[in-house]
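*Asks:* return a 3D structure for these sequence lines:
(2 chains)
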Amino acid sequence: TQLLEQSPQFLSIQEGENLTVYCNSSSVFSSLQWYRQEPGEGPVLLVTVVTGGEVKKLKRLTFQFGDARKDSSLHITAAQPGDTGLYLCAGVNNNDMRFGAGTRLTVKP
Amino acid sequence: DAGITQSPRHKVTETGTPVTLRCHQTENHRYMYWYRQDPGHGLRLIHYSYGVKDTDKGEVSDGYSVSRSKTEDFLLTLESATSSQTSVYFCAISPHSFSTGYLRGSGNTIYFGEGSWLTVV
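*Replies:* Predicted structure coming up:
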């Protein structure tokens, strides 16, 4: 079983729709990161959240770290085809970082 | 883009043969990592290095060895390739450890290479 569970695994939506993807764990993390990965490339860091309850915004993307630092969500407003990709969360504790399996998002024009 | 080059980018090899993947960085970062990515498992750490000749095991290190003789190069060797090692391998680099990044309050920025696709037949 994964230390970090991401849901949904797959999501296909139309351009302009809003969506939320989730990253859940029973473990507490000192920080949590979100990455986006496009086909044939390595993951690229989007954001790091460090404080419980923290909310960070990156243009149309809103990231939230749970109060207990066990979970996180990524909300995308008015999705665009360029948002298509694999979204990975990664939880960090001490010198250990573990990834979830990812949510594969497809945004259709 | 972070200066990370992985080679080869694609390789097909036979079961039982040794394989070496190379990661080369131009950023002078202290920390280097090798991950594998498989469907349903996400990225899993194989080995990492915290300096020249300083390496440690990750989550899935069995069947793999690493070497770092220079700051810029981190080699991953599959001693005797098996079909279960068919995967995409990613090298990553970072200037800080995860714990240092946390203490700085900014987390740790990790940069990934473009991946090496390995098929063991």
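*Asks:* all contacts plus neighbour counts: C-alpha atoms, from now on.
*Replies:* Will do.
*Asks:* any idea how many residues pack against residue B:19?
*Replies:* For residue B:19, the neighbour count with other C-alpha atoms under 10 Å in any protein chain shown is 18.
*Asks:* which residues sit in contact with the nearest residue to it once chain neighbours are set aside?
*Replies:* Once flanking residues are discounted, residue B:19 sits nearest to residue B:78: 5.1 Å by C-alpha to C-alpha, 6 or more residues apart in numbering or on different chains. Applying C-alpha atoms under 8 Å, 6 or more residues apart in numbering or on different chains to residue B:78 gives the contacts B:18, B:19, B:20, B:63, B:64, B:65.
*Asks:* now for those residues: which two are most distant?
*Replies:* The largest distance within those, taken as C-alpha to C-alpha, falls between B:20 and B:63 and amounts to 12.2 Å.
*Asks:* return the set of residues that bridge with residue 90.
*Replies:* Reading this off chain A. residue A:33, residue A:99 (DSSP bridges).
*Asks:* chain B is the one I meant
*Replies:* Applying DSSP bridges, one finds that residue B:90 bridges with residue B:35.
*Asks:* quick check: it touching residue B:38?
*Replies:* No - checked against C-alpha atoms under 8 Å, the pair residue B:90 and residue B:38 is beyond contact range at 11.1 Å.
*Asks:* comparing those two, which shows the higher neighbour count?
*Replies:* Between residue B:90 and residue B:38, counting by other C-alpha under 10 Å, residue B:90 is the more crowded of the two (26 against 15).
*Asks:* residues in contact with the more buried one?
*Replies:* A:42, B:34, B:35, B:36, B:37, B:112, B:113, B:114, B:115, B:116.
*Asks:* among those residues, which lie within helices?
*Replies:* Among the contacts of residue B:90, no member is found in helices (DSSP state H).
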